[in-house]
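Q: Quick one: sequence plus predicted model below, questions after.
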Amino acid sequence: MFSLGEMPKTASTFFSAYASFAATMMLIRSMANDLVPPEIRSYIYSIFHHLFRGSLSSSSLTMVFEEISGMTRNQVFDSAEIYLRTKISPSTDRLMVSKTEKQRNFTVMFDKGEEISDIFEDQKLKWRFVYEERKDDYCREKRYFELRFNKKYKEKVLGEYLPYVMNRAEDIRNKEKMVKLYNRDCPQNFEDDYAGDNAWGCINLEHPATFETLAMDPELKKMIIDDLDRFMRRKEYYKKVGKAWKRGYLLYGPPGTGKSSLIAAMANYLNFDIYDLDLKSIYSNSDLRRTLLSTTNRSILVIEDIDCNAEVQDRQSGDGRQQDPDKKLTLSGILNTFDGLLSSTGDERIIVFTTNHRDRLDPALLRPGRMDMHINLSYCTVQGFRILASNYLDIHGEHHLLEEIEGLIQNTDITPAEVAEEMMRTDDADLALEGLVKFLKRKNTEAAKLATERENQREIECEDNVQRLKNNDNDEKQLEKKSKYEKRRWTSKK
Ligand SMILES: Nc1ncnc2c1ncn2[C@@H]1O[C@H](COP(=O)(O)OP(=O)(O)OP(=O)(O)O)[C@@H](O)[C@H]1O
Ligand SMILES: [Mg+2]
């Protein structure tokens, strides 16, 4: 046996050292199996293991990444665990497989003791996953990774390789992540960080909408996707020009035209969580500030039906009530808070406002530069209908009713939601399309009837006005007559 400092110089010393190491290990194992308790056995084994390995390859350095560092999880351990999943090779003998309720896919991990090789810029590195059972009261297990490599690459490993591992893990995490929908009405999820009074509850976003399934003008769809892609690419650009890395979208259009579906499609596309903020649950700008502070990066903050919140409507046309400015929730307050918050803490943030009535909004929101993109979700178009027909009925451009339907759709205000509902009524595509034709015709007739009624109403109102003017005229003449009569009486009395 030799100590850590005494390194064997020749091949014969090396082989004799290795032979004595192997023999000692075998001896310990065979003798100790029955006599020594397992904890002590594993302790002795690890001492010998380190002693001999250290002496045989002193040119290598081993870094250890324990699962828990102090009181918190060690980010390097977590990242290594994810990153090393991509290194599973056909030579791997044992794998651990798990899946929690919230995970979309299986987690596949190396079993304890398995060694994994990696190459980074021509340098070989070896990872080993170690799992030690403990019998003390505080911690029942200790899990860590060992990373072994040539000593001279220590700086490179710390400065380049480990950051690379962490970035790769972050990418994988984002790809695998289940998109979450946060809402202040949801019961709080205690697995997430506690965020005080403003804690958001969350559920997994099960909304299936994607850009493929969205029925909207293909050019507009492409424009939105390109805009999102550009936004995601521009981290450095935003930093350079000193702007918060965020993007704002205003979605407007009648109910059922796909505003909420578009938000879900954006979240699914970017793998961003959604924070659905109901303004009615916020009482002041300071309340809003606290709530926004508890949202995370890589998320979409959604404020639906912005026009329905009294304070957020046109501030010029208010009822004159005097309010404490800090207590009043204003649109500019929302935008300023969001911008201010992001310039200090936020990254990769999207804010989306939706409204059914763009004309009712505060001009402050519509001013250029406030929201980056205004997106009009309109009634169903022919192209939109084709996408729905393909999604819902598997019809791809060939059906005897398509021409008739497309003609009707061009002249009818029908929402994609209404079209979708008709298509879902039956599994039989022919019946569904026949139903849609009837529905479109009925809508057309109703619209025509409504137009006639409105026209009649307008005529009646016109006639009423004419009559009122005539009556006013008569009233004035009567008054004039009366005053003349009074005047005459007065002069004759005199
Ligand atoms: N453009 C669309 N493409 C595909 N499906 C759509 C579209 N618009 C609506 N739908 C269907 O109609 C349902 C309701 O649409 P959605 O909730 O997105 O409308 P909305 O514009 O947000 O309405 P509201 O103004 O009432 O909030 C969706 O779940 C979806 O099934
Ligand atoms: Mg909606």
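A: Great, that's in hand. Ligands and ions are numbered 1, 2, ... in the order given.
Q: how many other residues sit next to Glu348?
A: Residues lying near Glu348 (other Cβ atoms under 10 Å) number 19. No exception for glycine: its C-beta is placed from N, CA and C like everyone else's.
Q: repeat for Val302
A: Val302: 26 surrounding residues under other Cβ under 10 Å.
Q: list the contacts for it?
A: Residues near Val302 by Cβ atoms under 8 Å, 6 or more residues apart in numbering: 263, 274-277, 351-352, 354.
Q: same thing but at 6 Å, please
A: 263, 274, 276, 352 (Cβ atoms under 6 Å, 6 or more residues apart in numbering).
Q: Just say helix, strand or coil for the first one.
A: In the three-state summary, Ile263 is assigned as helix, counting by DSSP: H, G, I helix; E, B strand; the rest coil.
Q: And the contacts of Val302, which is closest to ligand 2?
A: Ile263 (7.9 Å; Cβ to the ion).
Q: and the closest one, how many neighbours does it have?
A: Using other Cβ under 10 Å, the number of residues around Ile263 comes to 23.
Q: ranges for the helices of the stretch 251-400 of the chain?
A: Counting by DSSP state H, counting those that start in this stretch, the stretch 251-400 of the chain has helices at residues 259-270, 285-293, 331-344, 363-366, 382-393.
Q: Could you tell me the least trusted of these?
A: In terms of average pLDDT, helix 331-344 trails the rest of the helices of the stretch 251-400 of the chain, at a mean of 73.
Q: The residue of the chain found nearest ligand 1: what's it in contact with?
A: Residue nearest to ligand 1 within the chain: Gly258 (2.7 Å; Cβ to the nearest ligand atom). Contact analysis of Gly258 by Cβ under 6 Å, 6+ apart lists 377, 416.
Q: all strands for the stretch 1-150 of the chain, in order.
A: 60-66, 68-69, 72-73, 95-98, 107-110, 115-120, 123-133, 141-150 (DSSP state E, counting those that start in this stretch).
Q: right, so of the ones you listed, which gets closest to Lys156?
A: Among the strands of the stretch 1-150 of the chain, strand 123-133 comes nearest to Lys156, with 7.2 Å by Cβ to Cβ.
Q: Render the CA-only coordinates of the closest one in PDB, please.
A: In PDB, the C-alpha atoms belonging to strand 123-133 read as follows (Å, rounded to 0.1, in the frame of the first residue of the first chain):
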ATOM      1  CA  GLN A 123     -11.300  17.000 -23.800                       C
ATOM      2  CA  LYS A 124     -12.500  13.800 -22.200                       C
ATOM      3  CA  LEU A 125     -14.500  14.100 -19.100                       C
ATOM      4  CA  LYS A 126     -16.100  11.400 -16.900                       C
ATOM      5  CA  TRP A 127     -19.200  11.800 -14.900                       C
ATOM      6  CA  ARG A 128     -20.300   9.400 -12.100                       C
ATOM      7  CA  PHE A 129     -23.500   9.400 -10.300                       C
ATOM      8  CA  VAL A 130     -23.100   8.500  -6.600                       C
ATOM      9  CA  TYR A 131     -25.900   7.600  -4.300                       C
ATOM     10  CA  GLU A 132     -25.200   7.000  -0.600                       C
ATOM     11  CA  GLU A 133     -27.700   5.800   1.900                       C
END
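Q: Out of the contacts of Val302, name the ones that lie in strands.
A: 274, 276, 352 (DSSP state E).
Q: Do you know the pLDDT at the last one?
A: Per-residue confidence for Val352 comes out at a pLDDT of 94.
Q: count of residues packed around it?
A: Val352: 26 surrounding residues under other Cβ under 10 Å.
Q: same thing with Arg454?
A: One way to gauge burial is a neighbour count; for Arg454, by other Cβ under 10 Å, it gives 10.
Q: List the residue ranges of the protein that fall below the pLDDT cut-off.
A: 1-57, 101-104, 134-140, 185-199, 309-332, 342-346, 493-494 (pLDDT under 70).
Q: For it, what lies in contact range of ligand 1?
A: Contact residues, the chain versus ligand 1 (Cβ under 6 Å from any ligand atom): 213-216, 255-261, 356, 377, 416-417, 420.
Q: which two from those residues end up farthest apart in space?
A: The distance between the two most remote of the residues of the chain next to ligand 1 (Cβ to Cβ) is 22.2 Å, for Thr213 and Asn356.
Q: what comes into contact with stretch 159-175?
A: 79, 82-83, 120, 271.
Q: Between all of the residues you listed, which two are separated the most?
A: Phe120 and Asn271 (26.5 Å).
Q: Pretty sure Leu301 sits against Ile274.
A: No. Look at Leu301 against Ile274 with Cβ atoms under 6 Å: they stay out of range, at 8.1 Å.
Q: for the chain, what's the longest helix?
A: Of all the segments assigned as helix in the chain under DSSP state H, the longest by residue count is helix 429-493.
Q: Residue in the protein with the shortest distance to ligand 2?
A: Across the chain, no residue is closer to ligand 2 than Ser260, which sits at 3.2 Å (Cβ to the ion).
Q: Please work out how many residues are found near that residue.
A: By other Cβ under 10 Å, 20 other residues sit near Ser260.
Q: any idea how the chain splits into domains?
A: 60-176, 183-310+328-376, 382-488 (the TED database).
Q: Mean neighbour count, those: which tops it?
A: For the domains of the chain, average neighbour numbers computed from mean count of other Cβ atoms under 10 Å are highest in domain 183-310+328-376, which has a mean of 17.
Q: so how far is that one from its chain's centroid?
A: Relative to the centre of its chain, domain 183-310+328-376 is centred 10 Å away, using Cα atoms, centre = their mean, to the nearest Å.
Q: swap in stretch 376-385?
A: The chain centre lies 25 Å from the centre of stretch 376-385; the measure is Cα atoms, centre = their mean.
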